[in-house]
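[1] Quick check, what structure comes out for this input:
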Amino acid sequence: MSVISKKSKRESEASDADQPMRNPRNEVLLEGRVSNQPQERVLPSGDVVVEFRIVVDRLQGRGKKREVDTLDIAVWLAAARKRALRLGIDDWVAIDGAVRRRFWQAPTGLASRWQVEASQLRKL
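    Next up is the predicted model:
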């Protein structure tokens, strides 16, 4: 028969104190090829966003076929939106940003998608 002991609150706090402080981060650094023409949208709220997609090659092992990821990019900051609108299909771009999950009410119910919110971008 085994006995399972529960830690007291004080013991739990002491063991938590021994753990290093964590600094959660949501940072994305991407370099990829623009795969569609950036489009500016004005939302019902009046906010303006530029959206486009980039293609990023995946690292691959020997003998494997080429694989890519296609990522949705949203640009909200005015200066970055201007730069985004000057991008063309097949341009290479570097993006700094964060991953976001967007929710909205669709005709079939609540919908969502993941996208990268670009805080900075530059054409390569």
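
[2] Give me the helices and strands touching the host helix or strand of residue 70, please.
    Taking DSSP states H and E as the definition, one finds residue 70 inside strand 68-75. Packing contacts for strand 68-75, counted by 3 or more C-beta pairs under 8 Å, 6 or more residues apart in numbering; DSSP states H and E, involve strand 48-57, helix 78-85, strand 92-106, strand 109-123. The C-beta positions use only the backbone N, C-alpha and C, and glycine is treated the same way.

[3] residue ranges with poor pLDDT in the protein?
    1-18, 61-63 (pLDDT under 70).

[4] which residue is nearest the middle of it?
    residue 99 (2.2 Å; C-alpha atoms, centre = their mean).

[5] show me what contacts that one?
    26, 28, 114-117 (C-beta atoms under 8 Å, 6 or more residues apart in numbering).

[6] hmm, back to that, enumerate the positions of the strand holding residue 70 that are buried.
    71-75 (16 or more other C-beta atoms under 10 Å).

[7] Also stretch 113-124?
    In stretch 113-124, counting by 16+ other C-beta under 10 Å, buried: 115-118, 121.

[8] Please export the C-alpha coordinates of that stretch as CSV.
    Extracted C-alpha coordinates of stretch 113-124, given in CSV (Å, rounded to 0.1, in the frame of the first residue of the first chain):
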residue,chain,number,x,y,z
ARG,A,113,-8.1,32.2,-37.1
TRP,A,114,-4.5,32.6,-36.2
GLN,A,115,-2.4,35.3,-37.7
VAL,A,116,0.9,37.2,-37.1
GLU,A,117,0.4,40.8,-36.1
ALA,A,118,3.4,42.6,-37.6
SER,A,119,4.7,45.5,-35.5
GLN,A,120,7.6,46.1,-37.9
LEU,A,121,8.3,45.0,-41.5
ARG,A,122,10.9,45.7,-44.1
LYS,A,123,11.4,44.6,-47.7
LEU,A,124,14.5,42.5,-48.2
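
[9] Please report the distance of residue 70 from residue 64.
    18 Å (C-beta to C-beta, to the nearest Å).

[10] Tell me, how many residues neighbour the residue nearest to residue 119 when sequence neighbours are not counted?
    Using C-beta to C-beta, 6 or more residues apart in numbering and skipping residues adjacent in sequence, the residue nearest residue 119 is residue 97, 5.0 Å away. Other residues lying near residue 97 total 22 when counted by other C-beta atoms under 10 Å.
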